[in-house]
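fold the stuff below for me.
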Amino acid sequence: MKIDSSKPLNPTLSRNNDRVPSNGAASAERSSSVDSVTINPLAAKLSQLEQSTKPTFDAERVESLKKAISEGRFTVRTEAIAGKIIQSAQELLGK
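Residues are numbered from 1 along each chain as shown. You can find the predicted model right below:
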């Protein structure tokens, strides 16, 4: 069987340039329409929080902790850490 490529397969899907006015009316119509953008309220709130918060870490505090660790003065309070982990788990479980 031979395929005839002289005709489009589906004439309704072929390009129809007859519908586009050549006088620029389509471009004027497009430029006069109003484009709008809607920002998700959650994204807007996140953006506000990012702008209003202080830096995520305190460089002076980090340096003091580094120094305390290197000098052997830093102690880990295991009870406090365990308490915070339990509290966090309870909050996540809704208790």
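
need the helices for this structure, in chain order.
Listed in chain order, the helices of the chain (DSSP state H) span 25-32, 41-52, 59-71, 78-93.

give me the number of residues near Leu92?
8 (other Cβ atoms under 10 Å). All C-beta atoms are positioned from the backbone trio N, CA, C, and that covers glycine.

for it, list the residues it contacts.
Residues in contact with Leu92 (Cβ atoms under 8 Å, 6 or more residues apart in numbering): none are found.

ok, it to Ile86 distance?
Using Cβ to Cβ, to the nearest Å, Leu92 is found at 11 Å from Ile86.

and stretch 44-61, end to end?
31 Å (Cα to Cα, to the nearest Å).

what comes up buried for stretch 47-59?
For stretch 47-59, burial by neighbour count (16 or more other Cβ atoms under 10 Å) applies to no residue.

output the lowest mean pLDDT helix or strand found in this protein.
Least confident helix or strand of the chain, by mean pLDDT, DSSP states H and E, is helix 25-32 with a mean of 55.

now the helices of the chain as a markdown table including distance to Ser6?
Formatted as a markdown table, the helices of the chain follow (distance: least, Cβ to Cβ, whole Å):
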| stretch | distance to Ser6 |
| --- | --- |
| helix 25-32 | 31 |
| helix 41-52 | 53 |
| helix 59-71 | 74 |
| helix 78-93 | 68 |
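
can you tell me which of those the model trusts least?
Of all the helices of the chain, helix 25-32 carries the lowest average pLDDT, namely a mean of 55.

how close does Ala59 sit to Lys67?
Remark: distance between Ala59 and Lys67 (Cβ to Cβ) = 13 Å.

quick check: neighbours shared by the two?
Common neighbours of Ala59 and Lys67 (Cβ under 8 Å, 6+ apart) do not exist.
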